[in-house]
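Participant: Okay, sequence plus prediction incoming.
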Amino acid sequence: MTIATANIKKATKKVPVRGMMDNVMEQFNSAADHINLHPNIRKILSITNNEILVNFPVKMDNGDVEIFTGYRVQHNNALGPYKGGLRYHPTVDIDAARALAMWMTWKTSLAGLPYGGGKGGIKIDPSKYSQSELERITRRFTFALADNIGPEHDIPAPDVNTSSQTMAWIADTYMSTRPPAERTANQHVVTGKPDGSGGLEGRDRATGYGVYLSIKFWAEKNETNLKGKTFIVQGFGNVGYWVSHFLERDGAILVGVQDAFGSVENQKGIKVEDLFNYTRINDGSIVDFPDTKAVDKNKFFTLDCDICIPAALGNQITKENASKIKAKLIAEGANGPTNVEGEKILLERGVSIIPDILCNSGGVVGSYFEWLQNRNGEIWQLDEVMAKLDKKMKESFNKVFDYSKNEGVDMRTAAFCIAIQRIEKAYIQRGIFP
Ligand code: GLU
């Protein structure tokens, strides 16, 4: 081989891209090592129980038929029915669905809920479709999944680019597939429904409120006050908006926002409700919000601030930007926003991270309340929902914080250890069939 060809070979050698699954597996393995997890249980938890892939046709508004690919991955149900969202996004694939399902298993376990973990979605850019096309896509996807979901088996919920409207279509379609006498008894097949269709008052803000509470509890433990603290948020959807709303109420100042269309900054402060109202008249986008300057997409996380809240997609904080982040606290509103390499750099620099499975667990806790409400034929009031959420979040936060202090590990490892140990206990008590 000549030197020239050797060089060509080297230059074209593929560098493996780190997927979300690599990330969650590294997080899992380091926690499993810390608790000395039984090797048999490690084997079980390292893989998913079921993976459903469906290709289904839908008629578009112009009469053409398009084929869509949807996923539902059921990771583990040792503690109860599979639970987790459905997202509509071009990045949805089997790797993402597996990783996100696994994170749900740890999240529901840590929160002390009687659920396992699942996740799914459709590989689609929903902004390219009309409302009636999205309705038909959702209904057809639900029909394709109908034998694999159910109120006591696998309970989807909203996630990236899906909403209470999406959940209403799923509930309606799923109920139509059941025998007449069972129909209405099945509305808890999904959570995050609109409040006129079995939804829970407050479920819309539950995730953002939980992120806010996590930040508040962290501030209390660190004897600091949220008043005057600055924060940036990636994503101004349900999570990003509500966490900003509650932080502003406590006197914190929003100084930067990024959404799918662009990034804006104003170090003097961005009024949360004004920005929210602006997005309503600006096709849902924050771009060109008055009195803000546009920020380069790749510099967003390096903006001056005290608190950084990634509340959009995974793999946003990596070795490329972790060393330049100015925030002292990262509160993970999204699932998997910080990868293992990014986290290592942040921890070495003394930056605290409230991990996703704790920080954004208000959403699934709210879902649990909705599920109980439907199952028991009750209607809960907003104030009781918020009070119950507060209590649940505080319990989880304290457990993780204390474990992290007592064991000398970071908060993510602490959260994973607590979550995995609860599942390990279930396996040890029940044994493995046959
Ligand atoms: N999609 C949300 C999450 O990632 C909520 C899941 C649920 O409520 O089941 O936690």
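Facilitator: Cool, the structure landed.

Participant: List of residues touching the strand or helix carrying residue 418?
Facilitator: Element membership for residue 418 (DSSP states H and E) is helix 411-430. Identification of contacts with helix 411-430 by Cβ atoms under 8 Å, 6 or more residues apart in numbering yields 27-28, 30-32, 34-35, 37-38, 41, 44-45, 76, 78-79, 105-107, 109-110, 112, 343, 352-355, 357-358, 399-401, 403-404, 407, 409. Quick note: C-beta positions are derived from backbone N, CA and C, even for glycine.

Participant: Mind checking which of those are in strands?
Facilitator: 76, 352-354 (DSSP state E).

Participant: now those as a markdown table including neighbour count?
Facilitator: Listed next are these as a markdown table, based on neighbours: other Cβ atoms under 10 Å:
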| residue | neighbour count |
| --- | --- |
| 76 | 25 |
| 352 | 18 |
| 353 | 22 |
| 354 | 26 |
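
Participant: Would you mind checking the average pLDDT for the helix holding residue 418?
Facilitator: Mean pLDDT, helix 411-430: 97.

Participant: list the buried ones in that helix?
Facilitator: 411-420, 422-424, 427 (16 or more other Cβ atoms under 10 Å).

Participant: Spell out which residues of the stretch 301-434 of the chain are next to the ligand.
Facilitator: Neighbours of the ligand within the stretch 301-434 of the chain, by Cβ under 6 Å from any ligand atom: 335, 360, 363-364, 367.

Participant: and which of those is nearest residue 216?
Facilitator: Nearest to residue 216 among those: residue 360, at 14.7 Å, using Cβ to Cβ.

Participant: Save the ones in strands among the contacts of helix 411-430 as JSON lines, and put in pLDDT too.
Facilitator: Shown next, in JSON lines, are those (pLDDT from 0 to 100):
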{"residue": "76", "pLDDT": "98"}
{"residue": "352", "pLDDT": "98"}
{"residue": "353", "pLDDT": "98"}
{"residue": "354", "pLDDT": "98"}
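
Participant: among the residues you listed, which two are most distant?
Facilitator: 76 and 352 (28.7 Å).

Participant: ranges for the helices of the stretch 251-400 of the chain?
Facilitator: Residue ranges of the helices in the stretch 251-400 of the chain, as given by DSSP state H, counting those that start in this stretch, are 272-281, 340-348, 356-359, 362-375, 382-407.

Participant: Just the buried subset of the contacts of helix 411-430, written out for ChimeraX, thanks.
Facilitator: Buried subset of the contacts of helix 411-430, written as a ChimeraX selection, criterion 16+ other Cβ under 10 Å:
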select :27,28,30,31,32,37,41,45,76,78,79,105,106,107,109,110,112,343,352,353,354,355,357,358,399,400,401,403,404,409
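
Participant: any weak-confidence spans in the protein?
Facilitator: Low-confidence segments of the chain, defined by pLDDT under 70: 1-17.

Participant: Show the contacting residues for residue 313.
Facilitator: 89, 91, 160, 235, 334, 337 are the contacts of residue 313 under Cβ under 8 Å, 6+ apart.

Participant: wait, residue 325
Facilitator: When contacts are counted by Cβ under 8 Å, 6+ apart, residue 325 touches 301-302, 308, 317, 346, 351.

Participant: Now that we have the residues you listed, can you turn them into CSV and tack on neighbour count?
Facilitator: Formatted as CSV, the contacts of residue 325 follow (neighbours: other Cβ under 10 Å):
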residue, neighbour count
301, 26
302, 18
308, 29
317, 27
346, 21
351, 19
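
Participant: For the ligand, what's its nearest residue on the stretch 101-250 of the chain.
Facilitator: At 3.2 Å from the ligand, residue 157 is the closest residue in the stretch 101-250 of the chain, using Cβ to the nearest ligand atom.

Participant: which phi and psi does whichever residue of the stretch 201-350 of the chain sits closest to the ligand have?
Facilitator: Closest to the ligand within the stretch 201-350 of the chain is residue 335: 5.3 Å, counting by Cβ to the nearest ligand atom. Main-chain torsions, residue 335, degrees, to the nearest 10: phi -100, psi 120.

Participant: For residue 43, the count of nearby residues, please.
Facilitator: 10 (other Cβ atoms under 10 Å).

Participant: Over to residue 42?
Facilitator: Neighbour number of residue 42 under other Cβ under 10 Å is 16.

Participant: what about it, distance to residue 317?
Facilitator: 27 Å (Cβ to Cβ, to the nearest Å).

Participant: Find the closest residue to the ligand in the stretch 301-434 of the chain.
Facilitator: Residue nearest to the ligand within the stretch 301-434 of the chain: residue 367 (3.2 Å; Cβ to the nearest ligand atom).

Participant: need the contact list for the closest residue to that residue other than its chain neighbours.
Facilitator: Nearest in space to residue 367, with sequence neighbours left out and distances taken as Cβ to Cβ, 6 or more residues apart in numbering, is residue 191 at 3.6 Å. Neighbouring residues of residue 191 by Cβ under 8 Å, 6+ apart: 155-157, 167, 199-200, 203, 366-368, 370-371.

Participant: if you set the cut-off to 6 Å instead, what comes out?
Facilitator: Contacts of residue 191 were listed using Cβ atoms under 6 Å, 6 or more residues apart in numbering, and they are 157, 367, 370-371.

Participant: and if you look at residue 110?
Facilitator: Per Cβ under 6 Å, 6+ apart, neighbours of residue 110: 357, 396, 415, 418-419.

Participant: Distance to residue 212 added to those residues, as a markdown table?
Facilitator: Output for those, formatted as a markdown table (distance: Cβ to Cβ, whole Å):
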| residue | distance to residue 212 |
| --- | --- |
| 357 | 17 |
| 396 | 14 |
| 415 | 18 |
| 418 | 22 |
| 419 | 22 |
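
Participant: helix or strand right after the helix or strand where residue 220 lies?
Facilitator: Here residue 220 sits within helix 203-221, counting by DSSP H and E. Sequence order places strand 230-234 as the next helix or strand after helix 203-221, per DSSP H and E.

Participant: what sits up against that following strand?
Facilitator: Strand 230-234 has contacts (Cβ under 6 Å, 6+ apart) with 240, 244, 247, 252-253, 255-258, 303, 305-312.

Participant: Quick one: buried ones out of those residues?
Facilitator: Using 16+ other Cβ under 10 Å, the buried members of the contacts of strand 230-234 are 240, 244, 247, 252-253, 255-258, 303, 305-312.
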